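J.: build me a structure from this.
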Amino acid sequence: MLDIKFLRENPEIVKENIRKKFQDAKLPLVDEVIALDVESRKAKQEADDLRAARNRISKEIGGLMAQGKKEEAEAKKAEVAAGAKRLAELEVMETELQEKITKIMMVIPNIIDDSVPVGKDDSENVEIQKYGEPVVPDFEVPYHADILDSISGLDKEAAGRTSGNGFYYLMGDAARIHSAMISYARDFMIDKGFTYCIPPFMIRSNVVTGVMSFAEMEAMMYKIEGEDLYLIGTSEHSMIGKFQGQIVNEVSLPVAMTSYSPCFRKEVGSHGIEERGVYRVHQFEKQEMVVLCKPEDSMEWYDKMWSYSVEFFRSLDIPVRTLECCSGDLADLKVKSCDVEAWSPRQKKYFEVGSCSTLGDAQARRLGIRTKGENGTYYVHTLNNTVLATPRGLIAFLENNINEDGSINIPVALRPYMGGKEKIVPVK
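T.: The predicted model follows:
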């Protein structure tokens with residue numbers, strides 16, 4: 001959410017930013033919120049004047065009563081009573097106007113960074129750099145569901161009976177690799193100096209609207225019926241929510257945390273749920289990184305965070321690339337974002353395995369997360385990045401480590417989490 005003062009003083013910058021995000025339908029909202037802001041400030045000024053007058057007149061009444069001027073005192077009391085009625089009206093008006101302003105401000109997109117390429121959608125995202133050689137082996141790499149089947153590792157049929165489409169059972173070595181990757185991702189980030197955390201897997205609606213846009217919320221979140229609780233779509237939600245309404249000691253910044261959680265997503269949209277495999281599902285597990293920092297440090301942290309994801313996947317012998325998200329592909333709260341994509345030797349192309357974003361002070365402003373230093377109190381900046389989301393990470397691992405005979409190599413980094421095992425041999 002933008003600072004209303006910034007919008008008030010820079011309406012054309014806000015409008016141009018909306019155009020860059022190809023959301024022209026939101027352009028009238030800028031003038032609408034400015035008009036409401038004028039009305040709100042006018043009501044506030046009148047209310048402040050009435051409060052000041054009430055205090056002044058109350059003192060006068062005391063003086064008149066002390067002098068025995070009862071009639072004059074009663075006249076002043078009537079004046080206070082009339083002012084009180086108008087003040088009550090103004091206070092209701094102020095509340096209503098602020099609610100309208102906040103509702104509009106919540107849908108006006110954050111100002112994107114100047115370095116973000118302008119484009120309508122993800123088809124116009126820009127490749128930044130490749131890491132590792134994207135090898136295509138001289139044998140046909142099976143579909144990941146077939147690889148998992150060869151090691152008796154996937155049962156979607158049973159999951160369909162228990163839970164429906166978009167769910168799965170991982171079994172045996174497949175489940176073990178999955179857990180090994182998550183454990184390695186956890187330790188990888190702890191070694192980078194991040195504090196490990198397991199957060200709540202459900203959050204209240206005020207936290208949801210604090211960390212994401214309404215459109216994202218509708219497309220992603222599962223609501224718990226009869227309660228003000230939502231299942232998290234990523235642990236970033238509850239990790240940022242942890243600091244709601246808090247003033248973080250500036251000396252403690254940056255706060256760098258890595259969190260584990262299951263994640264739940266409706267996956268509403270044209271892409272749909274994958275029928276046979278596990279690329280797009282309703283439930284998955286994730287190791288996340290979240291940072292709270294000073295505004296001047298956020299871009300430095302942004303570069304650090306996506307580079308950690310690259311380093312993580314390269315340690316598992318998986319080639320990756322980074323992709324700069326264009327303006328039209330950025331969620332409304334984001335200032336800048338890049339995707340980390342893993343190489344698929346089967347498809348001979350890259351696919352998304354994680355995303356790194358800096359949101360400026362948008363989440364902090366919505367949730368009231370501030371810090372206090374020599375220059376006063378100000379909002380922190382928040383960032384998040386995927387270390388590992390699996391089973392997508394598992395798919396990348398399988399495709400890039402399978403041999404022609406169907407066996408799967410286990411990289412050195414994962415072996416301590418697999419009991420020293422160096423290879424998985426198919427059972428089918």
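J.: looking at this structure, which helix or strand is least sure?
T.: helix 214-220 (a mean of 80; mean pLDDT, DSSP states H and E).
J.: for it, give me every contacting residue.
T.: With contacts defined as Cβ atoms under 8 Å, 6 or more residues apart in numbering, helix 214-220 is touched by 106-107, 208-209, 212, 233, 265-269, 331-332. (C-beta placed from N, C-alpha, C; glycine too.)
J.: which of those residues are buried?
T.: The neighbour-count criterion (16 or more other Cβ atoms under 10 Å) marks 106, 208, 212, 233, 265, 266, 267, 331, 332 among the contacts of helix 214-220 as buried.
J.: which residue in the residues you listed has the weakest pLDDT?
T.: The lowest pLDDT within the buried ones among the contacts of helix 214-220 belongs to residue 267, with 81.
J.: can you confirm it is in a strand?
T.: No. Residue 267 sits outside any strand when classified using DSSP: H, G, I helix; E, B strand; the rest coil, being coil.
J.: confirm that residue 353 sits in a strand.
T.: Yes. Assignment of residue 353 by three-state DSSP places it within a strand.
J.: quick check: it touching residue 342?
T.: Yes. Contact between residue 353 and residue 342 holds when scored by Cβ atoms under 8 Å: they sit 4.6 Å apart.
J.: okay, and the common contacts of the two?
T.: With Cβ under 8 Å, 6+ apart as the test, residue 353 and residue 342 both reach 313, 320, 392, 393, 396.
J.: max pairwise distance over these: which two?
T.: 320 and 392 (12.2 Å; Cβ to Cβ).
J.: which one of the buried ones among the contacts of helix 214-220 is nearest to residue 195?
T.: Using Cβ to Cβ, the buried ones among the contacts of helix 214-220 come closest to residue 195 at residue 233, 22.0 Å.
J.: how near is the residue nearest to the closest one when sequence neighbours are not counted to residue 280?
T.: Nearest non-adjacent residue to residue 233, counting by Cβ to Cβ, 6 or more residues apart in numbering: residue 220, 4.4 Å away. Distance, residue 220 to residue 280, using Cβ to Cβ, to the nearest Å: 13 Å.
J.: for the helix ranked longest in the chain, packing partners?
T.: In the chain, taking DSSP state H as the definition, the longest helix is helix 27-66. Applying 3 or more Cβ pairs under 8 Å, 6 or more residues apart in numbering; DSSP states H and E, one finds that helix 27-66 contacts helix 4-9, helix 11-20, helix 70-105.
J.: do that again at 6 Å, thanks
T.: Counting contacts by 3 or more Cβ pairs under 6 Å, 6 or more residues apart in numbering; DSSP states H and E, helix 27-66 packs against helix 11-20, helix 70-105.
J.: and these, which one is worst for confidence?
T.: Mean pLDDT values for these show the minimum at helix 70-105, a mean of 87.
J.: quick one: furthest residue from the center of this structure?
T.: residue 68 (66.1 Å; Cα atoms, centre = their mean).
J.: would you say that one is within a helix?
T.: No. Assignment of residue 68 by three-state DSSP gives coil, placing it outside any helix.
J.: quick check: phi and psi on residue 411?
T.: The phi/psi pair for residue 411 (degrees, to the nearest 10) reads phi -60, psi 160.
J.: pLDDT of stretch 157-165, averaged?
T.: Averaged over stretch 157-165, pLDDT sits at 95.
J.: pull out the buried residues from it.
T.: So for stretch 157-165, counting by 16+ other Cβ under 10 Å, buried means residue 159.
J.: what about that stretch, distance to the chain center?
T.: 29 Å (Cα atoms, centre = their mean, to the nearest Å).
J.: likewise for stretch 162-182?
T.: 25 Å.
J.: can you pull out the helices in the protein?
T.: Ranges of helices within the chain are 4-9, 11-20, 27-66, 70-105, 144-150, 156-162, 172-191, 205-211, 214-220, 235-241, 298-314, 362-367, 392-401, based on DSSP H.
J.: now those in JSON lines, with distance to residue 138?
T.: Formatted as JSON lines, the helices of the chain follow (distance: least, Cβ to Cβ, whole Å):
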{"stretch": "helix 4-9", "distance to residue 138": "57"}
{"stretch": "helix 11-20", "distance to residue 138": "45"}
{"stretch": "helix 27-66", "distance to residue 138": "55"}
{"stretch": "helix 70-105", "distance to residue 138": "57"}
{"stretch": "helix 144-150", "distance to residue 138": "18"}
{"stretch": "helix 156-162", "distance to residue 138": "30"}
{"stretch": "helix 172-191", "distance to residue 138": "25"}
{"stretch": "helix 205-211", "distance to residue 138": "46"}
{"stretch": "helix 214-220", "distance to residue 138": "41"}
{"stretch": "helix 235-241", "distance to residue 138": "41"}
{"stretch": "helix 298-314", "distance to residue 138": "23"}
{"stretch": "helix 362-367", "distance to residue 138": "48"}
{"stretch": "helix 392-401", "distance to residue 138": "15"}
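J.: do you know which of those lies nearest residue 428?
T.: That would be, of these and by Cβ to Cβ, helix 144-150, which comes in at 4.9 Å.
J.: residues in contact with that closest one: which ones?
T.: Residues outside helix 144-150 that contact it (Cβ atoms under 6 Å, 6 or more residues apart in numbering): 154, 174, 276, 277, 395, 398, 406, 426, 428.
J.: what's the answer for stretch 105-114, then?
T.: With contacts defined as Cβ under 6 Å, 6+ apart, stretch 105-114 is touched by 1, 17, 21, 29, 327, 332, 333, 335, 336, 362.
J.: check stretch 55-64 too.
T.: Contacts of stretch 55-64 (Cβ under 6 Å, 6+ apart): 72, 73, 76, 80.
J.: related to what we said a few turns ago, from residue 152, how far out is the residue nearest to residue 233?
T.: The value you get for residue 220 to residue 152, if Cβ to Cβ is used, is 32 Å.
J.: do residue 205 as well
T.: Noted for residue 205: a distance of 42 Å to residue 152, by Cβ to Cβ.
J.: low-confidence bits of the protein, can you list those?
T.: Residues of the chain meeting the criterion pLDDT under 70: 268-274.
J.: so what's the closest residue to residue 421 other than its chain neighbours up against?
T.: Leaving aside its sequence neighbours, residue 421 sits nearest to residue 410 (Cβ to Cβ, 6+ apart; 5.8 Å). Shown in contact with residue 410 (Cβ under 6 Å, 6+ apart): 418, 421, 422.
J.: count of residues packed around the second one?
T.: Applying other Cβ atoms under 10 Å, we find 15 other residues in the vicinity of residue 421.
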